[in-house]
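A.B. asks: Below are the sequence and a predicted model for it; my questions follow.
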Amino acid sequence: MRKGEKWFGLLFTFCVMAVFWVLLSGIFDAFHLISGLVCCAIVAIISRDLLVNGKSENKLLKSLRLIMYIPWELWQIVLANIDVAYRVLHPKMPIDPLIIEFETILRGELSLLTLANSITLTPGTITLLVEPERGKFWVHAIAKEPAHALLVDQTMQRKVAHVFMET
Amino acid sequence: MIIVHVVVTALLGTGVFFAMVGSIGLLRFPDFYTRLHATGKCDTLGAGLVILGAMVYHFFQYPETLLVPAKLAFLILFIFIANPTATHAIMKAAYKTGVEPWRLGEERR
């Protein structure tokens, strides 16, 4: 880990901790603020490489792209819920579950996590297993159409790859 | 103020509706995996909408304590990260221990 990365990780962890302290305590006198900052500093020194590990570059751009990705994901969640509500409340229950598998070009931990959680939250699909070495996913789909969307369109894979720049 | 009440009621109502759909799905769907489809998705949005309603209400009713809506916002964030992860963990455990997925035309379990 380079020196700049180390300091960035330390400072970033410290800032996140400090914001959380202020948020959760809600007391703004000198004693509580200072004791909180001291605790944040200790925690940041001990666990700085948990939150930020210095392998990847362009953290700022990636965070920005992740923030751009979240509204689309929220909209997908709403669609997923309407889809499930339709399938649950329909008298004939139009479900036809199947398990599909596919490989992606993603390798990073964070990008695999994002894709796995996105698949779980979007219409009709839940991630069963992930194999990080080959970027392989096993997905349980509730019907043919959602499985088709993942296998053929691959909108989500492309969006996640764009966010983490692993195209 | 009436608009705030309407918005809050709509948010709470939609949230409760999705939570209820999740519960009905848990009872109606035929096997383990499909039941997780119902609970894993609907509970996320249902809880999120109910908390969002509480946030809006608190923001306009008690504007002097802004920390409470901020805490609630973080609650939503954590639910949206933790819920799919937990669903995935349960699914994976079931798949590895050999729970057979239900196929169309089979008897419900």
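C.D. replies: Received it, and whenever you're ready, just let me know what you need.
A.B. asks: List of residues touching stretch B:57-65?
C.D. replies: B:M1, B:V4, B:V8, B:L66, B:V68, B:P69, B:L72 (C-beta atoms under 8 Å, 6 or more residues apart in numbering or on different chains). Quick note: C-beta positions are derived from backbone N, CA and C, even for glycine.
A.B. asks: Just name the closest of these to B:D43, please.
C.D. replies: B:L72 (16.9 Å; C-beta to C-beta).
A.B. asks: Would you mind giving the contacts of stretch B:57-65 as a markdown table with secondary structure, distance to chain A and pLDDT added?
C.D. replies: Listed next are the contacts of stretch B:57-65 as a markdown table, based on DSSP: H, G, I helix; E, B strand; the rest coil; distance: C-beta to the nearest C-beta, whole Å; pLDDT from 0 to 100:
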| residue | secondary structure | distance to chain A | pLDDT |
| --- | --- | --- | --- |
| B:M1 | coil | 26 | 80 |
| B:V4 | helix | 22 | 90 |
| B:V8 | helix | 18 | 93 |
| B:L66 | coil | 10 | 83 |
| B:V68 | helix | 9 | 87 |
| B:P69 | helix | 11 | 89 |
| B:L72 | helix | 11 | 90 |
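A.B. asks: May I see the buried residues of the least confident helix or strand in chain A by mean pLDDT?
C.D. replies: Within chain A, no helix or strand scores below helix A:48-51, which has a mean of 71 by mean pLDDT, DSSP states H and E. Across helix A:48-51, burial judged by 16 or more other C-beta atoms under 10 Å in any protein chain shown covers A:R48.
A.B. asks: If any of the contacts of stretch B:57-65 are buried, put those into a PyMOL selection.
C.D. replies: In PyMOL, this line selects whichever of the contacts of stretch B:57-65 come out buried by 16+ other C-beta under 10 Å:
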select buried, chain B and resi 8+69+72
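A.B. asks: Make a markdown table from the contacts of stretch B:57-65 and add distance to B:T85 to it.
C.D. replies: Shown next, in a markdown table, are those (distance: C-beta to C-beta, whole Å):
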| residue | distance to B:T85 |
| --- | --- |
| B:M1 | 39 |
| B:V4 | 34 |
| B:V8 | 29 |
| B:L66 | 30 |
| B:V68 | 26 |
| B:P69 | 25 |
| B:L72 | 21 |
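A.B. asks: Output the contacting helices and strands for the helix or strand hosting B:V16.
C.D. replies: Assigned by DSSP states H and E, B:V16 belongs to helix B:2-28. When contacts are defined as 3 or more C-beta pairs under 8 Å, 6 or more residues apart in numbering or on different chains; DSSP states H and E, helix B:2-28 packs onto helix A:59-89, helix B:32-61.
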